[in-house]
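Asker: quick check, what structure comes out for this input:
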Amino acid sequence: MAQVVININDREYPIACENGQEVRIMQLAQILQQKALMLKDFSGRISENLMLAMIGILVADDLFELKKNQSSAPAAAPQPNVAENPKIAQRIRDLDEKIKAIAKLVESL
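Answerer: As a prediction, the model looks like this:
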């Protein structure tokens, strides 16, 4: 298991992650840092707990809007049968592993 140190709002957090996920964790942390800077500029000085809660709300709002936009988008072309394409099945397994790694990261915050 690998470990990276992320920085959010001038505070370091050691995060354990699966080997090979270090760069992805750093990319995700950068998104959180951008949200923290935005909140800091808007709200001034706020407590760390409130800052992290507000960052979570902003990220959840981004996700909500993305899902809402996807559900209102026109129907996509028919999807290929995963069972007939091993490359797609492997890609889905890879994405599943990444999602689980991100979930572990969120739980550790």
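Asker: this protein: strands as residue ranges?
Answerer: 2-8, 11-17 (DSSP state E).
Asker: ok, Ala2 to Ala16 distance?
Answerer: Per CB to CB, to the nearest Å, Ala2 is found 7 Å from Ala16. Every residue, glycine included, has its C-beta placed from N, CA and C.
Asker: what's the answer for Asn85, then?
Answerer: Using CB to CB, Asn85 is found at 34 Å from Ala16.
Asker: what's around Ser43, how many residues?
Answerer: If you count neighbours by other CB atoms under 10 Å, Ser43 ends up with 11.
Asker: what residue lies at the spatial centre of the protein?
Answerer: Geometric centre of the chain, nearest residue: Leu28, 5.3 Å, by CA atoms, centre = their mean.
Asker: report how many residues lie close to the closest residue to Arg11 other than its chain neighbours.
Answerer: Excluding its sequence neighbours, the residue lying closest to Arg11 (CB to CB, 6 or more residues apart in numbering) is Glu48, at 6.8 Å. Residues near Glu48, counting by other CB under 10 Å, number 12.
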